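> starting from these lines, generate the structure:
(2 chains)
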Amino acid sequence: MSMRGQRKSGVPAAAAGVVLFIFYACAIFAGFVAPYSYKLQDRTIPDEPPTAVHITVREDGRTRLVRPYVYRYVLTDVHSQTYREIRDKRYPVRFFSGGKLFSVPGAGIHLLGTDPLGRDYFSMLVYGGRISLFIGLIGAGISFAIGIVLGTLSGYFGGIVDTLIMRLTEVIMSLPTFYFLLTLAVIIPAGVSSSVTFMLIVAILSLIGWAGFARVIRGMVLSLRERDFVIASKAYGDSAYGIMRKQLIPNLMYYTIVSITLAVPGYIISESALSMLGLGIRAPDVSWGNMLSEATNIQALMSRPWMLASGVCIVVTILCLNVIGDYLRS
Amino acid sequence: MLLRFVGKRLLLMIPVMLGITFISFVIISLAPGNILTSLRMNPYISEATIRMMEQAYGLNRPLLERYWLWLWQVLHLNLGVSVYYHASVLGLILSRAANTLILSVSVILVSWLIALPVGIATGMKAGSRADAVVGGLSYTGISIPGFFIAFIMLLIVAQTGILPTGGTTSPLYNLLSPADKLYDRLIHLILPVTALAIPQTASYARLIRANVIETKKGEFVATLRARGLAGRRVVYVHILKNAINPFITLAGYDFASLLGGAALVETILNLQGLGTLLLKAVMSMDVFLIMGDILIGSGMLLIGNLVADIALLYVDPRIRSGL
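Sure, this is the predicted structure:
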């Protein structure tokens, strides 16, 4: 909650903005940022630990700073999946070569190790951001679009329209949301393409999400419609549609932007939850949520705790969105 | 007065419940496949058996008729039989609902017990260093989803072994003495309650702080002080009472999100609750079990809201007079 009357420093918000910008840029240019494809499986390197990137060499007892390089990793015990760094040859990390941000010709670079199928975890994380980051944004956007239209109609016309819409929002708001989400998720057929699944999840989240927003918009429209400029517009003979589009909705825009920022985290969490439970985005497609589903296995989690990285990304994204939303609100 | 209010609210619950269950029923029948789909794949089950089961479960009838049949059953307090578990849905739900309820209520209690003093203290001393520290902590708290905390705690607990890593009870629970049973349940609760209570406490503490700040500025506080009422009394009786009202309603509504969050944490920590039950039901398309779960879930939610509203009536006389 903001301290009213006290101006908030914009520094945290700016920092949060930079972090979010980097996240979204990475997601959009995933093909460039990620060293591998998220679909690429290398069954010879299951569960490889994160590749250590070295920047120093020891020569004649002195430590010298050099260009980043890595060593080869070799699977020494297939059963316990133990790897060893072979320190015979240094493989330099190449930047901006071959259309990749960084790559290591001749050896592998797995900043966060690999999953049991030998997929590069860091690449999965970058590609997974595409789904998790955009599902939140699009989902919140759509539910607010529905909320604005229905909320404005409800507040402006009142009467039977208002009663119908408000009763509907009440039913939706008294749903046990998560239970309902789970039930809705079963409609998604197993075989459809990733973009269809994505759109279906967005649709499901928006279907539940618009209600609370519509109620707030209605309340705001109720007070706006008594204001002079709306009454003047009416006196000029503007149509109801014109008044709503030109007078009411522009006045709600600021609130909308703030609310979307503060609502996106909820959508990101819902998507991760569904995907984590195996009801949302399914393999081979990746999202930050379904990357966590493996972490429910305690043995796997203990031997490779870095697979919580996608969870950390979720937390950082939410924190940034909250900081920005809070700043905008004050 | 109160009776009429409660009666009205209970009556209003009927159409809402009908709406929720009907929508859910339609959705489930829209989904591809049903509980018999996997049985059909089984070469040891004959086509005749499948048809007999279809008949028995009424799966070959039209949608509306099926809904009506289900509703009729429910009105006779029979939630049907779970095909997946081969057990009565009501029995299954009752055995699980207690766990979820204990978890949710503990979370609400714990987060209130911590957030209330913290929120009041930081609200009264807004702008102090302690306030800034708590503010930063609670800010982080509201940004971390409970399921992530559950993962982190699971990691810590698994590495140190100080607490059980999941489950509702120990494997040998039934052999324990009553006192040990209670202890066993309590230590199994620590992990899920902490995971869910951290974000909850953070958000309550922030809201209470903001409300205390707002109330502090109110005219009545100045009046009370002008009349010479001691500082402490102003804080503990008057500011508090006014600052807390909104949260009683909030606690009722938070029950909904708590049920959802609990479902996730239940899955991660492998607890026997309503959430994990519903997940199993959804995965196996066990219609009656899904419907039963949704029915009980929404019922708990609506009653939670009602209880919160009644509590508000007791605290805030302004609302009572407007009844």
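> does stretch B:98-109 come close to chain A?
No - against chain A, stretch B:98-109 shows no contacts by C-beta under 8 Å from any C-beta of the partner chain, the least distance being 11.0 Å. Every residue, glycine included, has its C-beta placed from N, CA and C.
> what's the mean pLDDT across that stretch?
Averaging pLDDT along stretch B:98-109 gives 86.
> how about it: buried residues?
B:N99, B:T100, B:L101, B:I102, B:L103, B:S104, B:S106, B:V107, B:I108 (16 or more other C-beta atoms under 10 Å in any protein chain shown).
> likewise stretch A:315-329?
In stretch A:315-329, counting by 16+ other C-beta under 10 Å, buried: A:315, A:317-328.
> possible to save these as a markdown table with distance to chain B, pLDDT and secondary structure?
Formatted as a markdown table, the buried residues of stretch A:315-329 follow (distance: C-beta to the nearest C-beta, whole Å; pLDDT from 0 to 100; DSSP: H, G, I helix; E, B strand; the rest coil):
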| residue | distance to chain B | pLDDT | secondary structure |
| --- | --- | --- | --- |
| A:V315 | 5 | 92 | helix |
| A:T317 | 9 | 92 | helix |
| A:I318 | 5 | 91 | helix |
| A:L319 | 4 | 90 | helix |
| A:C320 | 9 | 91 | helix |
| A:L321 | 8 | 90 | helix |
| A:N322 | 5 | 87 | helix |
| A:V323 | 8 | 87 | helix |
| A:I324 | 12 | 88 | helix |
| A:G325 | 11 | 85 | helix |
| A:D326 | 8 | 81 | helix |
| A:Y327 | 12 | 84 | helix |
| A:L328 | 15 | 83 | helix |
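> which residue sits closest to A:L40 in space, ignoring its chain neighbours?
A:R119 (6.4 Å; C-beta to C-beta, 6 or more residues apart in numbering or on different chains).
> touching, the one you found and A:Y38? I think so.
Yes - at 6.6 Å, A:R119 and A:Y38 qualify as touching, with contact defined as C-beta atoms under 8 Å.
> can you check which helix is longest in chain A?
In chain A, with assignment by DSSP state H, the single longest helix is helix A:121-157.
> do that one and chain B meet?
No - contact of helix A:121-157 with chain B (C-beta under 8 Å from any C-beta) is absent, the minimum separation being 12.4 Å.
> how about the following helix or strand past that helix against chain B, any contact?
For helix A:121-157, the following helix or strand on the C-terminal side (DSSP states H and E) is helix A:159-173. Yes - using C-beta under 8 Å from any C-beta, we find that helix A:159-173 touches chain B at A:E170, A:V171.
> what lies in contact with helix A:159-173?
Here helix A:159-173 makes contact (C-beta atoms under 8 Å, 6 or more residues apart in numbering or on different chains) with A:150-151, A:153-155, A:208, A:210-212, A:214-215, A:218, B:16, B:19-20.
> in it, what counts as buried?
Neighbour-count burial for helix A:159-173 [16+ other C-beta under 10 Å]: A:D162, A:I165, A:M166, A:L168, A:T169, A:V171, A:I172, A:M173.
> so the next helix or strand after it, near chain B or not?
Using DSSP H and E, the helix or strand that follows helix A:159-173 in sequence is helix A:177-185. Yes - Helix A:177-185 comes into contact with chain B (C-beta under 8 Å from any C-beta), by way of A:T177, A:F178, A:Y179, A:F180, A:L181, A:L182, A:T183, A:L184, A:A185.
> now render the residues you listed as CSV, adding neighbour count.
Conversion of those to CSV gives the following (neighbours: other C-beta atoms under 10 Å in any protein chain shown):
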residue, neighbour count
A:T177, 21
A:F178, 24
A:Y179, 28
A:F180, 22
A:L181, 24
A:L182, 25
A:T183, 26
A:L184, 25
A:A185, 22
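> a helix runs through A:Y91, doesn't it?
No - applying DSSP: H, G, I helix; E, B strand; the rest coil, one finds A:Y91 to be strand, outside a helix.
> backbone phi and psi for the spatially closest residue to it that is not a sequence neighbour, please?
Nearest residue to A:Y91, sequence neighbours excluded (C-beta to C-beta, 6+ apart): A:A107, at 4.1 Å. The phi/psi pair for A:A107 (degrees, to the nearest 10) reads phi -140, psi 180.
> repeat for B:V81
Dihedral angles (degrees, to the nearest 10) for B:V81: phi -120, psi 140.
> number of residues surrounding it?
Each residue near B:V81 was counted by other C-beta atoms under 10 Å in any protein chain shown, and the total is 19.
> contacting residues for the closest residue to it other than its chain neighbours?
Closest residue in space to B:V81, ignoring its immediate chain neighbours: B:S88 at 5.9 Å, by C-beta to C-beta, 6+ apart. Contacts for B:S88 were tallied using C-beta under 8 Å, 6+ apart; they are B:L79, B:G80, B:V81, B:S82.
> list the contacts for the third one?
Think B:V81. Contacts for B:V81 (C-beta under 8 Å, 6+ apart) come out as B:A87, B:S88, B:V89, B:F288.
> so what's the first one closest to, chain neighbours aside?
Once its chain neighbours are removed from consideration, B:A87 has its nearest residue in B:V81; the separation is 7.1 Å (C-beta to C-beta, 6+ apart).
> what about that neighbour, distance to chain A?
19 Å (C-beta to the nearest C-beta, to the nearest Å).
> for that residue, give me the pLDDT.
81.
> what of B:A230?
Value for B:A230, per-residue pLDDT: 66.
> try the one 5 residues further on
Listed pLDDT for B:V235 reads 66.
> tell me which element the nearest residue to A:I318 once chain neighbours are set aside is part of?
What sits nearest to A:I318 in space, not counting adjacent residues and going by C-beta to C-beta, 6+ apart, is A:P265, at 4.1 Å. In this assignment (DSSP H and E), A:P265 forms part of helix A:249-276.
> ditto for B:P43
Counting by DSSP H and E, B:P43 is part of no helix or strand.
> which phi and psi values does it adopt?
For B:P43, the backbone dihedrals (degrees, to the nearest 10) come out as phi -70, psi -20.
> identify, from the contacts of B:S88, the entry nearest to A:L301.
Among those, B:S82 lies closest to A:L301 (C-beta to C-beta), at 30.9 Å.
> what's the neighbour count on that closest one?
25.
> state the distance from it to chain A.
The value you get for B:S82 to chain A, if C-beta to the nearest C-beta is used, is 15 Å.
> rewinding a little: so which two of the buried residues of stretch A:315-329 are the farthest from each other?
With distance counted by C-beta to C-beta, no two of the buried residues of stretch A:315-329 lie farther apart than A:V315 and A:L328, which are 20.6 Å apart.
> please, where are all the helices along the stretch 151-300 of chain B?
Using DSSP state H, counting those that start in this stretch, the helices of the stretch 151-300 of chain B run over B:178-216, B:219-226, B:231-233, B:240-268, B:274-284, B:287-315.
> same check, this time on the stretch 1-150 of chain B
Ranges of helices in the stretch 1-150 of chain B, per DSSP H, counting those that start in this stretch, are B:2-30, B:35-41, B:47-57, B:63-75, B:89-124, B:129-143, B:146-160.
> residue 137 - how many residues pack around it?
You didn't say which chain, so I picked chain A. So A:L137, with other C-beta under 10 Å, has 18 neighbours.
> wait, chain B
14.
> so who does it touch?
Going by C-beta under 8 Å, 6+ apart, B:L137 touches B:A202.
> returning to what we had before: how close does the residue nearest to B:V81 sit to A:I135?
Per C-beta to C-beta, to the nearest Å, B:S88 is found 38 Å from A:I135.
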